[in-house]
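Engineer: fold the following.
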Amino acid sequence: MTDTRRLYVKSYGCQMNVYDSHRMADAMAREGFAEVQAPEDADLLILNTCHIREKAAEKVYSELGRVRLLKRKAEAEGRRMLVAVAGCVAQAEGEEILRRAPVVDLVVGPQSIHRLPALVARAAGGEAVVDTEFPPEDKFDHLAAPSRQATRVRGVAAFVTVQEGCDKFCTFCVVPYTRGNEVSRPMEKIVEEAERLADAGVREITLIGQNVNAYHGIDREGRSASLADLLWRLADIDGVERLRYTTSHPRDMTDELIAAHRELGKLMPYLHLPVQAGSDRVLAAMNRQHGRDEYLAIIERVRAARPDIALTSDFIVGFPGETDEDFADTLDIVARAGFATAYSFKYSPRPGTPAAAMEQVPEAAKRERLAQLQALIEQQWQAFNTACVGRSFDVLFEKPGKYDGQIAGRSPYLQQVQVTAPAEMIGEIARVEIVRAGANSLFGELASPAARRSGIAAAVAMEGA
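Structural biologist: Predicted coordinates:
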């Protein structure tokens, strides 16, 4: 494989896929591969796929049609391009991908990405490779650590996977079949990764998992550790100034995790807690294992612990059997909860899931309901952003802004904030007064010249370290 040194990875879907894409790139970097930004330049092209969205597999096959043209062009230039499909569609489709898309050389499921270098070597030798097994070894023990340079390129905020898989078996969801049962990483392995990230300049870490608040790792004394325990442990790391986690299930919102939102200053006042529907009848059909009143009670407890918290959620409209009355319950729970924002989708059947065999809602009804729900969510989002005008809070600056002289960062509530300030402040946290709310961003000013000077001084000191 000495002639194959350029890698392009396209990631679809959730933050866990982004994390897996980075780990695959890190693994191949050890084999001499450098990432490129254009797929046509690649000698190894990886599509890291997601199975959550509607017609996910068909969209992958459509993308592979475009990849086939790139591969043909590479062959015309006298070079070989290897094509790999990774992620949840790879897990679900397996050998069917090779049958339907001969352009593909390698299919690898999300639990086997630590084997990628060996699998690529086999594919380079002419073998059609499929690895969608659930291996007995822990992939995290074998994944390459990111280099300091790779971490700096990826920015000052990072995702860290702490838990994979799900045991809840919601009737609409493929995750238990593509990612497997819930598995949690040992606490000290996560701490070591977070320390490496902090050493490379990362200031904010988001802990991710299919059901992250079900985390039940082992601490250094061999005792079971919860997500709350892990958050407290990570808060002790020098350089880590902000902590977040996603995505959560209401059934795993424990008292100690809610207490962490009250007591742990580095844990941002933001919680993404999907409910999916507002009707008890639909929630039961989804096998969500909670009702609407139970959900509302949980968020009331969270708000009592952290009154300034921003809550967000997920919703599926048009779930099989959903009536107009059921949908009215969904609109009602959105109004009662007062979300900062929420993410909403039309239900689409996933082959092999129980809901796919249920009575389906007409497409026209799904479209109409989705439009109503999204209008309400947009109204709440704009109201939340408008309420931030005149407030001051700390912003972590992550990148250049949209216009010259601007830099952009994230508020404690995960909103994008644009500020006129020197680029040297990227990577720093500074107090910002919000002066205007736009459609998708907040606009602010540094709270004081002193805050600006201290931010620049800290940035210069960090560069010199």
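Engineer: okay, and the beta partners of the nearest residue to Thr247 once chain neighbours are set aside?
Structural biologist: Once flanking residues are discounted, Thr247 sits nearest to His272: 5.8 Å by Cβ to Cβ, 6 or more residues apart in numbering. Where you see a C-beta, it was placed from the backbone N, CA and C, and this is true even at glycine. Counting by DSSP bridges, His272 forms beta bridges with Thr312.
Engineer: what stretches of this protein score poorly on pLDDT?
Structural biologist: 1-4, 52-54, 134-154, 449-465 (pLDDT under 70).
Engineer: output the longest helix belonging to it.
Structural biologist: helix 363-387 (DSSP state H).
Engineer: can you map out the strands along the stretch 151-300 of the chain?
Structural biologist: 157-161, 163-164, 183-184, 204-208, 216-218, 224-226, 242-246, 270-272 (DSSP state E, counting those that start in this stretch).
Engineer: dump those strands to TSV, plus mean neighbour count and distance to Met81.
Structural biologist: Output for the strands of the stretch 151-300 of the chain, formatted as TSV (neighbours: other Cβ atoms under 10 Å; distance: least, Cβ to Cβ, whole Å):
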stretch	mean neighbour count	distance to Met81
strand 157-161	21	28
strand 163-164	25	30
strand 183-184	20	34
strand 204-208	22	31
strand 216-218	17	40
strand 224-226	18	44
strand 242-246	23	35
strand 270-272	24	38
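Engineer: ok, Cys388 touching Ala437?
Structural biologist: Yes. Here Cys388 reaches Ala437: they are 6.5 Å apart, a contact under Cβ atoms under 8 Å.
Engineer: re the thing from before, tell me if I'm right that the residue nearest to Thr247 and Ser248 touch.
Structural biologist: Yes. His272 sits in contact with Ser248 when judged by Cβ under 8 Å, with a separation of 6.6 Å.
Engineer: please enumerate the helices of the stretch 301-450 of the chain.
Structural biologist: If DSSP state H, counting those that start in this stretch is used as the criterion, the helices of the stretch 301-450 of the chain fall at 324-337, 363-387, 449-464.
Engineer: quick one, which of the ones you listed gets closest to Thr132.
Structural biologist: helix 363-387 (31.4 Å; Cβ to Cβ).
Engineer: not counting its neighbours along the chain, what's nearest Ser184?
Structural biologist: Here the residue nearest Ser184, using Cβ to Cβ, 6+ apart, is Gly217, at 4.2 Å.
Engineer: verify the contact between that neighbour and Val183 for me.
Structural biologist: No. With contact defined as Cβ under 8 Å, Gly217 does not reach Val183; the gap is 9.5 Å.
Engineer: quick check: neighbours shared by the two?
Structural biologist: Listed as contacting both Gly217 and Val183 by Cβ atoms under 8 Å, 6 or more residues apart in numbering are Gln163.
Engineer: residue contacts, the residue nearest to Ser184?
Structural biologist: With Cβ under 8 Å, 6+ apart, Gly217 has these contacts: 162-163, 184-187, 190, 224-225, 230.
Engineer: try 7 Å
Structural biologist: 184-187, 225, 230 (Cβ atoms under 7 Å, 6 or more residues apart in numbering).
Engineer: ok, what's across the strand from it?
Structural biologist: Ala225.
Engineer: just to revisit the earlier point, deepest of the helices of the stretch 301-450 of the chain, which one?
Structural biologist: helix 324-337 (a mean of 17; mean count of other Cβ atoms under 10 Å).
Engineer: export only the CA atoms of it, formatted as CSV.
Structural biologist: Listed in CSV are the C-alpha atoms of helix 324-337, where the atom choice follows Å, rounded to 0.1, in the frame of the first residue of the first chain:
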residue,chain,number,x,y,z
ASP,A,324,-54.9,14.1,15.0
GLU,A,325,-55.5,13.9,18.8
ASP,A,326,-52.1,12.2,19.3
PHE,A,327,-50.4,15.0,17.3
ALA,A,328,-52.3,17.6,19.3
ASP,A,329,-50.7,16.1,22.4
THR,A,330,-47.3,16.5,20.8
LEU,A,331,-47.9,20.2,20.1
ASP,A,332,-49.1,20.5,23.7
ILE,A,333,-46.0,19.0,25.3
VAL,A,334,-43.8,21.4,23.2
ALA,A,335,-45.8,24.3,24.5
ARG,A,336,-45.6,23.1,28.1
ALA,A,337,-41.9,22.3,28.0
